[in-house]
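> model the following, please.
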Amino acid sequence: WGTAGAMAGWGMSGAAIYDALESSPELISLNMTGVLLVYSSLFARWAFVVKPQNLLLAGCHITNVGAQMNQLRRAVEYK
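Now for the predicted structure:
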């Protein structure tokens, strides 16, 4: 299930990137963005620590951290 979970995780990262390109910042929830930042940060760390390492999972969560930081920036600038 590790690879399937990692592939599904790319959907979360893709959604954040798509929202950054297509959606207006007034729709961004600061609470949800914060939760997703913490969630992806923890799981990216876990994916590196677990044996065997799951680099595909780590990659999707690191990408999501970057995408969520961009969403947070957009929301703060808007407000």
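> mind listing what's buried in the helix or strand encompassing Leu42?
Leu42 is located in helix 30-49, with elements delineated by DSSP states H and E. For helix 30-49, the neighbour count (16 or more other Cβ atoms under 10 Å) marks 33, 36-37, 40, 43-44, 47 as buried. All C-beta spots, glycine's among them, are computed from the backbone N, C-alpha and C.
> now do stretch 3-23
6, 9-10, 12-13, 16-17, 19-20.
> show the contacting residues for the residue positioned nearest the centre of the chain.
Geometric centre of the chain, nearest residue: Asn64, 2.2 Å, by Cα atoms, centre = their mean. Asn64 makes contacts with 9, 12-13, 16, 36, 40, as judged by Cβ atoms under 8 Å, 6 or more residues apart in numbering.
> how about Leu30?
Counting by Cβ under 8 Å, 6+ apart, the residues that Leu30 touches are 72, 75.
> hmm, 7 Å instead?
By Cβ atoms under 7 Å, 6 or more residues apart in numbering, Leu30 lies in contact with Ala75.
> in the protein, where is pLDDT below threshold?
The chain contains residues with pLDDT under 70 at 1.
> sketch out the helices for it, chain order is fine.
2-22, 30-49, 55-78 (DSSP state H).
> quick one, the shortest one and helix 55-78 angle?
Calculated by axes from the mean of the first three to the mean of the last three Cα atoms, to 10 degrees, helix 30-49 forms an angle of 160 degrees with helix 55-78.
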